[in-house]
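J.: Give me a 3D structure for the following:
(2 chains)
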Amino acid sequence: DAGVIQSPRHEVTEMGQEVTLRCKPISGHDYLFWYRQTMMRGLELLIYFNNNVPIDDSGMPEDRFSAKMPNASFSTLKIQPSEPRDSAVYFCASSSGQAVNTEAFFGQGTRLTVV
Amino acid sequence: SQQGEEDPQALSIQEGENATMNCSYKTSINNLQWYRQNSGRGLVHLILIRSNEREKHSGRLRVTLDTSKKSSSLLITASRAADTASYFCATAYFSGSARQLTFGSGTQLTVLP
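T.: The predicted model follows:
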């Protein structure tokens, strides 16, 4: 398996534009997590899904952020409209729910810069 | 909000020395995990210790867990320059379909050749 795949790796956009980040989890994994990493706030859990259903979205900063998982192999995180303070590295991770004590596998991240 | 807090925030040692990083957390956990992140890359899982375990080894890594003190430590023995990275602890709690995996603030380790 190629691991968790995120796209794009880098995104530069202007304030006010819509941004869509994409993630393909490891095949067979039924948990998918979206994290945001900044120097100031570290790694923050934004939302996670189990079997394509959002379980906890309490970390989503505001209504400008939305996430979907239309099927087991694809998820998106959308920011509309984007603001400079959204600049961060966004990570997607997946894990298996077959055993409770398992690790998460991270993608390489999407570095978002909003100017 | 971050569950774990790591200490120290930064650590610089000479190659061959041991590196110890500490993690404290606040609430109940099912397991605690350590991850490594190289600059500009994603996190990579290193080791997992369950809440009923006190110590675990994997190669040059040794992890301890004290649930009464809500703390864990990661020891890297005989460090190498290639160990230079950020290290994060993550606390895991699960109940039903809920799976919380919350990361600490990280320790930046620099191993000087």
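
J.: so where is chain B shaky, pLDDT-wise?
T.: B:1-4 (pLDDT under 70).

J.: try 50
T.: B:1-2 (pLDDT under 50).

J.: which residue lies farthest from the center of it?
T.: With distances taken as C-alpha atoms, centre = their mean, the residue sitting farthest from the centre of chain B turns out to be B:Gly96, at 25.4 Å.

J.: Any idea how many residues pack against B:Thr27?
T.: By the criterion of other C-beta atoms under 10 Å in any protein chain shown, B:Thr27 has 10 neighbours. For glycine as for every other residue, the C-beta is placed from the backbone atoms N, C-alpha and C.

J.: Go ahead and confirm it touches B:Tyr93.
T.: Yes - using C-beta atoms under 8 Å, B:Thr27 is in contact with B:Tyr93, at 7.1 Å.

J.: so how far is B:Ala85 from the residue farthest from the centre of chain B?
T.: Distance of B:Gly96 to B:Ala85, given as C-beta to C-beta, to the nearest Å: 34 Å.

J.: The residue nearest the centre of chain A: helix or strand, and which one exactly?
T.: Centroid-nearest residue in chain A: A:Trp34, 3.1 Å away (criterion: C-alpha atoms, centre = their mean). Using DSSP states H and E, A:Trp34 sits within strand A:31-38.

J.: Give me the contact status of that strand with chain B.
T.: Yes - using C-beta under 8 Å from any C-beta of the partner chain, a contact is recorded between strand A:31-38 and chain B, made by A:31, A:33, A:35.

J.: In three-state terms, label the nearest residue to the last one once chain neighbours are set aside for me.
T.: Distance criterion C-beta to C-beta, 6 or more residues apart in numbering or on different chains; nearest residue to A:Tyr35, sequence neighbours excluded, is A:Phe91 at 4.4 Å. Taking DSSP: H, G, I helix; E, B strand; the rest coil as the rule, one finds A:Phe91 in the strand state.

J.: swap in A:Arg85?
T.: With three-state DSSP as the basis, the three-state label of A:Arg85 is helix.

J.: Can you spell out which residues form a bridge with B:Ser72?
T.: Beta-bridge partners recorded for B:Ser72 (DSSP bridges): B:Cys23, B:Leu65.

J.: so it sits right up against B:Thr64, yeah?
T.: Yes - counting by C-beta under 8 Å, B:Thr64 is a contact partner of B:Ser72 at 6.4 Å.

J.: And those two? Which one has more around it.
T.: B:Ser72 (25 against 17).

J.: how long is stretch B:12-19 from one end to the other?
T.: Terminal residues of stretch B:12-19 lie 9 Å apart, using C-alpha to C-alpha, to the nearest Å.

J.: Give the next helix or strand downstream of the strand ranked longest in chain B.
T.: Counting residues, the longest strand found in chain B (DSSP state E) is strand B:85-95. Sequence order places strand B:98-103 as the next helix or strand after strand B:85-95, per DSSP H and E.

J.: which residues does residue 37 form a beta bridge with?
T.: Just so you know, I chose chain A. Going by DSSP bridges, A:Gln37 forms beta bridges with A:Leu43, A:Val89.

J.: was after chain B, sorry
T.: Beta-bridge partners, per DSSP bridges, of B:Gln37: B:Leu43, B:Ser86.
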